[in-house]
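S.K.: please find the sequence and the predicted model below.
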Amino acid sequence: MTTRETVQAYHRARFAGDVPAAAARLTGTFTFESPLLSADADGHLAGLAGFLRVVSGVEMISELYGESEATLVYDVHTATPVGTQRTAEHFRLRDGRIEAITLIFDATRWHPLMAAAPHPA
């Protein structure tokens, strides 16, 4: 698969809630970084269902692909007071699979929601 095919397959699977298909695109050493959290593959994929509960749509703005990296810029429409969140997502690939994702967005409007969310005991 090309970088484009891998990243698009992951992106589609993630926003469809297809955890096995998304996981198949990740390396065993995968890392995820965002303004709100850092995680390995298991932690990242475990949070997917909760994230998708508040997503009402995704609108792609730009896709840029290189040999072993990609950047997507898109709006995530949410059913929260945050509304629409403009997001940039950078992917780093190794051997045809995603090794790292860095998600970039202004998390300011998310802080009150995160503080109000129930926390596991």
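M.R.: Arrived safely, thanks for sending. Fair warning: this is a prediction, and the values are worked out from it, not measured in the lab.
S.K.: which helix or which strand is home to residue 52?
M.R.: For residue 52, the element it lies in under DSSP states H and E is helix 48-54.
S.K.: which positions in the helix or strand following that helix come out as buried?
M.R.: Counting by DSSP H and E, the next helix or strand C-terminal to helix 48-54 is strand 55-65. Going by neighbour count (16 or more other C-beta atoms under 10 Å), the buried part of strand 55-65 is residue 65. In this view, the C-beta of every residue, glycine as well, is placed from N, C-alpha and C.
S.K.: just checking, what packs against strand 55-65?
M.R.: When contacts are defined as 3 or more C-beta pairs under 8 Å, 6 or more residues apart in numbering; DSSP states H and E, strand 55-65 sits against helix 3-16, strand 69-78.
S.K.: which residues touch stretch 33-43?
M.R.: Residues outside stretch 33-43 that contact it (C-beta atoms under 8 Å, 6 or more residues apart in numbering): 23, 26, 28, 30-32, 47, 100-107, 110, 114.
S.K.: the residues you listed, buried ones only, as a PyMOL selection?
M.R.: Selection of buried members from the contacts of stretch 33-43 for PyMOL, criterion 16+ other C-beta under 10 Å:
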select buried, resi 23+26+30+31+32+100+101+103+105+110
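S.K.: which of the contacts of stretch 33-43 fall in helices?
M.R.: 23, 114 (DSSP state H).
S.K.: from residue 85, how far off is the nearest residue to residue 107 once chain neighbours are set aside?
M.R.: Closest residue to residue 107 apart from its sequence neighbours, by C-beta to C-beta, 6 or more residues apart in numbering: residue 35 at 3.8 Å. According to C-beta to C-beta, to the nearest Å, residue 35 stands 11 Å off from residue 85.
S.K.: more neighbours, those two?
M.R.: Set side by side, residue 35 and residue 85 show more neighbours around residue 85, with 17 against 12, by other C-beta atoms under 10 Å.
S.K.: show me what contacts that one?
M.R.: Contact partners of residue 85, counting by C-beta under 8 Å, 6+ apart, are 75-76, 78, 105-106, 109-110.
S.K.: okay, and the beta partners of it?
M.R.: residue 76 (DSSP bridges).
S.K.: ok, the spatially closest residue to residue 1 that is not a sequence neighbour to residue 70 distance?
M.R.: Distance criterion C-beta to C-beta, 6+ apart; nearest residue to residue 1, sequence neighbours excluded, is residue 96 at 5.8 Å. According to C-beta to C-beta, residue 96 and residue 70 sit 12 Å apart.
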